[in-house]
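# Sequence below, structure please.
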Amino acid sequence: MSIVPHFSTIAKNNFLPSTICFGYVSKRWFTVTNPGRKALPKLPTEMKMKYTIPKDSYLLSDKVSKIIKKGKIDDAVALILSSPVYKQSQASWNQVIEEYGKQGKNDYAWKAYTEMKKRGIKPNAQTFTVLIRGFLYSRSPKAIERAMEAYNSIGKFIEGPSLQHTNTLLMVCGEHCDTDHLDRIISGIPKDGPNAMDLVTYTTILSILRRKLKDTLAGDTNTDTQNNSTNSKKHNPARKENPRAVEVYEKMYQVWDDYVEDVHRRVKMHKVDPNCTTPLLEYDIQILDNMLKACYEIMQNTRYRKFGRKGFSTVEQVYGKLVPSAKPKTTPQANDHIVEADTIPLIDMSPIKEGGLVFGSKTMKMILSICIKDKQLVKGMRFWKAVEARGFDGYEPTPQTRSIYEEIVKKCSRK
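Here you go, the predicted model:
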């Protein structure tokens with residue numbers, strides 16, 4: 001007599017049980033593990049074309065690369081599996097994992113990762129980078145969960161995770177609009193040393209938060225539209241800000257302030273110790289553009305205008321006070337988001353990312369647009385003239401930005 005609870009149903013649906021189950025089969029106890037995971041697919045073992053097995057691991061890796069470039073990933077996998085284990089290598093399997101990931105076949109990528117380990121081939125740093133990166137292309141609701149699983153297993157095989165692994169995981173979170181794991185991931189990044197946060201880390205976090213803000217504001221707009229159509233004949237009093245939008249926006253400024261403070265802190269560390277292992281933080285226009293886009297988007301709704309006004313403070317932190325204040329503050333105000341102890345512009349302290357820009361036409365467009373939204377027309381004019389006087393390499397005003405500037409000038413002349 002054979003008693004097997006649930007197992008026939010589980011096998012039929014190709015799922016393993018969500019908990020460890022015990023059964024009694026022919027007077028023998030069995031245990032089923034690998035909780036809640038759909039059974040991984042089998043890798044192809046037959047080649048559509050005949051290939052000779054190369055003499056060593058290097059030649060096999062090179063051949064796998066060429067086969068994959070021809071779009072024949074199944075043949076590449078079958079060739080590896082047909083080769084003796086001593087000829088298989090991390091390089092060969094990493095290429096397979098990467099290609100499956102790019103195709104959105106994450107179950108196959110995971111299976112290749114599993115087969116690699118079964119053959120005694122230890123995953124290296126590149127293995128985990130391509131495995132995690134593959135979830136960028138996944139449409140599975142469990143993509144983040146699987147990426148986190150890969151990330152958390154890194155320490156079992158190599159020293160890590162490295163900053164590259166962390167940045168890759170953050171990119172996956174951004175692609176899937178996931179902010180729930182942000183704090184946990186960030187808290188695990190060391191403050192100092194070679195794996196401390198870099199420009200990519202900060203920029204990616206801000207991009208994720210800005211996308212969350214945009215989605216939240218879009219939800220507000222949809223609600224407004226529905227309420228206006230429902231209550232078109234009723235008095236519709238002004239509503240308060242959506243606390244979720246305010247929370248995300250403030251979170252962006254916390255991250256920005258951390259970045260600015262980190263730039264200054266690392267500069268001081270390198271002055272004290274030129275051999276400091278914590279690298280200097282680079283600057284690129286993209287990180288500022290994330291903040292300016294968030295300011296402009298939140299100012300589209302008049303309920304949030306007061307929050308959008310913080311935008312110009314980030315500009316002054318990067319470029320300095322190009323526009324002198326009419327009434328300088330004698331005491332620091334709360335929520336100014338200015339690093340009071342360090343007033344040197346970031347572009348004069350931080351190394352510029354290789355190939356990056358210090359200032360661009362898109363940045364100018366957003367700054368002028370924010371000035372118009374906030375009715376700070378004079379400030380917009382002064383900023384334009386200050387940029388012209390200083391000059392930035394690679395910056396030339398476009399017809400569109402010049403048109404916005406001329407609009408500001410006309411509005412100022414009417415007053």
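
# Report the central residue of this structure.
Geometric centre of the chain, nearest residue: Met171, 3.1 Å, by C-alpha atoms, centre = their mean.

# burial count for Val96?
24 (other C-beta atoms under 10 Å). Any C-beta I mention is one placed from the backbone N, CA and C, and that applies to glycine too.

# Surely the residue nearest to the centre of the chain and Leu136 touch.
Yes - using C-beta atoms under 8 Å, Met171 and Leu136 qualify as a contacting pair, with a distance of 6.3 Å.

# From one end of stretch 366-380 to the other, what's the distance?
Terminal residues of stretch 366-380 are spaced 11 Å apart (C-alpha to C-alpha, to the nearest Å).

# List the buried residues for stretch 350-367?
350, 352-353, 356-367 (16 or more other C-beta atoms under 10 Å).

# residues in contact with the residue nearest to the centre of the chain?
By C-beta atoms under 8 Å, 6 or more residues apart in numbering, the residues touching Met171 are Arg133, Leu136, Thr204.

# Which pLDDT does the model give it?
On pLDDT, Met171 comes in at 96.

# What is the burial count for Leu206?
Neighbour number of Leu206 under other C-beta under 10 Å is 25.

# Then the one 5 residues further on?
The number of residues packed near Arg211 is 17, by other C-beta under 10 Å.

# Which strand or helix spans it?
helix 199-230 (DSSP states H and E).

# quick one: average confidence on that helix?
77.

# next one: stretch 70-80
Rounded mean pLDDT across stretch 70-80 is 96.

# And for stretch 263-273?
95.

# got it, and stretch 343-363?
pLDDT averaged over stretch 343-363 gives 89.

# Take it, keep the C-alpha atoms, and write them as PDB.
The C-alpha trace of stretch 343-363 is given here as PDB (Å, rounded to 0.1, in the frame of the first residue of the first chain):
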ATOM      1  CA  THR A 343      29.900  75.500   0.400                       C
ATOM      2  CA  ILE A 344      32.400  74.600  -2.300                       C
ATOM      3  CA  PRO A 345      30.500  73.600  -5.500                       C
ATOM      4  CA  LEU A 346      30.500  69.900  -6.200                       C
ATOM      5  CA  ILE A 347      31.900  70.400  -9.700                       C
ATOM      6  CA  ASP A 348      35.000  72.000  -8.100                       C
ATOM      7  CA  MET A 349      35.500  69.100  -5.700                       C
ATOM      8  CA  SER A 350      34.300  65.900  -7.300                       C
ATOM      9  CA  PRO A 351      36.000  64.200 -10.300                       C
ATOM     10  CA  ILE A 352      33.800  64.200 -13.300                       C
ATOM     11  CA  LYS A 353      32.700  60.800 -14.600                       C
ATOM     12  CA  GLU A 354      34.700  59.800 -17.700                       C
ATOM     13  CA  GLY A 355      32.700  60.800 -20.700                       C
ATOM     14  CA  GLY A 356      30.200  62.600 -18.500                       C
ATOM     15  CA  LEU A 357      28.900  66.200 -18.700                       C
ATOM     16  CA  VAL A 358      29.000  69.000 -16.200                       C
ATOM     17  CA  PHE A 359      26.200  70.900 -17.700                       C
ATOM     18  CA  GLY A 360      23.800  70.300 -20.600                       C
ATOM     19  CA  SER A 361      20.900  71.800 -22.500                       C
ATOM     20  CA  LYS A 362      18.400  69.400 -20.900                       C
ATOM     21  CA  THR A 363      19.500  70.700 -17.500                       C
END
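
# and it, how far out from the chain's middle?
21 Å (C-alpha atoms, centre = their mean, to the nearest Å).

# Over to stretch 187-196?
Using C-alpha atoms, centre = their mean, the offset of stretch 187-196 from its chain centre is 17 Å.

# which residues of this structure fall in strands?
2-3, 21-25, 28-32 (DSSP state E).

# coming back round to it: switch the contacts of Met171 over to a markdown table; also include neighbour count and distance to Trp384.
Supplementary listing: the contacts of Met171 in a markdown table, determined by neighbours: other C-beta atoms under 10 Å; distance: C-beta to C-beta, whole Å:
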| residue | neighbour count | distance to Trp384 |
| --- | --- | --- |
| Arg133 | 22 | 41 |
| Leu136 | 17 | 39 |
| Thr204 | 22 | 31 |
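
# so which of these comes closest to Leu217?
Distance to Leu217 across the contacts of Met171 (C-beta to C-beta) is lowest for Thr204, with 20.6 Å.

# and the closest one, what does it touch?
So Thr204 contacts Asn167, Leu170, Met171, Gly174 (C-beta under 8 Å, 6+ apart).

# Pull out the buried positions in stretch 141-154.
For stretch 141-154, by 16+ other C-beta under 10 Å, it's Ala143, Ile144, Arg146, Ala147, Met148, Ala150, Tyr151, Ile154.

# Just the local confidence number for the fifth one, please.
Note for Met148: predicted pLDDT of 96.

# what about the residue nearest to it when sequence neighbours are not counted, how many neighbours?
Leaving aside its chain neighbours, Met148 sits nearest to His181 (6.6 Å; criterion: C-beta to C-beta, 6 or more residues apart in numbering). Look at His181: counted by other C-beta under 10 Å, it has 19 neighbours.

# Could you give the number of residues near the closest residue in space to Gly104 that isn't next to it in sequence?
Excluding the flanking residues, the one nearest Gly104 by C-beta to C-beta, 6+ apart is Tyr137, at 4.4 Å. Residues near Tyr137, counting by other C-beta under 10 Å, number 17.

# what do you get for Thr343?
Thr343 has 12 neighbouring residues, counting by other C-beta under 10 Å.

# Next: Lys375.
For Lys375, using other C-beta under 10 Å, the count is 11.
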